[in-house]
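[1] Predicted model and sequence below, questions to follow.
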Amino acid sequence: MHLNHRVFIYDQIADMMLDIGDYKNAELVFKDTMKLALQLGMAEDDNAMIEMSLKLATIYLYTGRMDIGVVGIRHCIAEQEKKLGAKNEEKEVDKNVAKDTKAALEEEQNTKVLLGKAYRHYGNYHMQLREFKEGKEMMAKALKVSQDVLGENDDTSFVIMNDMATCEILLENYKDAENLLKEAVVNSGRVKSSVQSALLSNLGALYIRTSRYEEAEHACQRGLTVAEKANDRMLMLPCKACLMKLQSLKKKVENDKEDDDED
């Protein structure tokens, strides 16, 4: 019991270090925690081990060790997909088996959540490499898991939809991106999520890219209003940048018109 308590404490310490960006010490503590957990008999594919492995993989990505980081993420995806596949096979083989216990259902949900996180990290990895098609595919998988486990109106689902839309924009699939963002804007507005601000600023950026300036201004202004109500400065920034970009474009159009008149 004492050692189990130590594992929990070490994991919490590592999480705090990760949150404040102390990646070097977070890495050391995660490694020590995983070593201790294995000594206690925890299985390598236990969800607690997978969660720590995933956090360790993200540390590698944050600190520029991309190769080892992506190997870690792929490992987490493979393990979680294997567990869920085995679970589905068990249900198919014996459909008359008694319903899962509450603990078993929670464990299955945790397995899915970790898989969704791994998909999302892998998607971000592809986006960093400007592999937007692959990034979109991973984000689509992450979205399916998020909507299944957390629901369609959860902030995580909205954020993933925003990331997917960004991939679509960069792939120049503008209509698909617009449809995705509009759906997320409506749903996030229905539940009064502040993430709606990020979705609107991204929609505004899409409209700027496609020269729909009035719609862009409307979207970014709406996004700024949502961010101000939430008193979230980080969400305000892209909205303000969008509006400033529009002002700059308007001035350029006016100047070009004046030049044409003089000619």
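    Received it, and whenever you're ready, just let me know what you need. Not measured: the values here are computed from a predicted model. Residues are numbered from 1 along each chain as shown.
[2] Tell me, please, where in the stretch 151-263 of the chain the pLDDT is lower than the cut-off.
    By pLDDT under 70, the weakly predicted segments of the stretch 151-263 of the chain are 256-263.
[3] Show me where it has its strands.
    In the stretch 151-263 of the chain, no segments count as strands under DSSP state E, counting those that start in this stretch.
[4] And the helices in it, which stretches?
    Per DSSP state H, counting those that start in this stretch, the stretch 151-263 of the chain carries helices over the ranges 155-170, 174-190, 196-209, 213-230, 233-262.
[5] Need the winner for burial among those.
    Burial of the helices of the stretch 151-263 of the chain is given as mean neighbour count (mean count of other C-beta atoms under 10 Å); helix 196-209 ranks first at a mean of 25. (C-beta placed from N, C-alpha, C; glycine too.)
[6] now the angle from that one to helix 174-190?
    Put simply, helix 196-209 runs at 150 degrees to helix 174-190, going by axes from the mean of the first three to the mean of the last three C-alpha atoms, to 10 degrees.
[7] quick revisit: let's have the helices of the stretch 151-263 of the chain in TSV, adding distance to K136.
    Supplementary listing: those in TSV, determined by distance: least, C-beta to C-beta, whole Å:
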stretch	distance to K136
helix 155-170	4
helix 174-190	9
helix 196-209	14
helix 213-230	22
helix 233-262	21
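[8] And these: which comes nearest N25?
    Closest of the helices of the stretch 151-263 of the chain to N25 is helix 233-262, at 25.7 Å (criterion: C-beta to C-beta).
[9] That closest one relative to helix 196-209, how many degrees between them?
    Inter-element angle recorded for helix 233-262 and helix 196-209: 20 degrees (by the same axes, to 10 degrees).
[10] and helix 233-262, what does it pack onto?
    helix 196-209, helix 213-230 (3 or more C-beta pairs under 8 Å, 6 or more residues apart in numbering; DSSP states H and E).
[11] then the last one to PDB, C-alphas only?
    Extracted in PDB, the C-alpha atoms of helix 213-230 (Å, rounded to 0.1, in the frame of the first residue of the first chain):
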ATOM      1  CA  TYR A 213     -14.100  40.200 -45.900                       C
ATOM      2  CA  GLU A 214     -17.600  41.200 -44.600                       C
ATOM      3  CA  GLU A 215     -18.200  37.700 -43.300                       C
ATOM      4  CA  ALA A 216     -14.700  37.600 -41.800                       C
ATOM      5  CA  GLU A 217     -15.300  40.700 -39.900                       C
ATOM      6  CA  HIS A 218     -18.700  39.500 -38.600                       C
ATOM      7  CA  ALA A 219     -17.100  36.100 -37.500                       C
ATOM      8  CA  CYS A 220     -14.100  37.700 -35.800                       C
ATOM      9  CA  GLN A 221     -16.200  40.300 -34.000                       C
ATOM     10  CA  ARG A 222     -18.500  37.600 -32.700                       C
ATOM     11  CA  GLY A 223     -15.500  35.600 -31.600                       C
ATOM     12  CA  LEU A 224     -14.100  38.600 -29.700                       C
ATOM     13  CA  THR A 225     -17.400  39.200 -28.000                       C
ATOM     14  CA  VAL A 226     -17.400  35.600 -26.800                       C
ATOM     15  CA  ALA A 227     -13.800  35.800 -25.600                       C
ATOM     16  CA  GLU A 228     -14.500  39.100 -23.700                       C
ATOM     17  CA  LYS A 229     -17.500  37.600 -22.000                       C
ATOM     18  CA  ALA A 230     -15.300  34.700 -20.900                       C
END
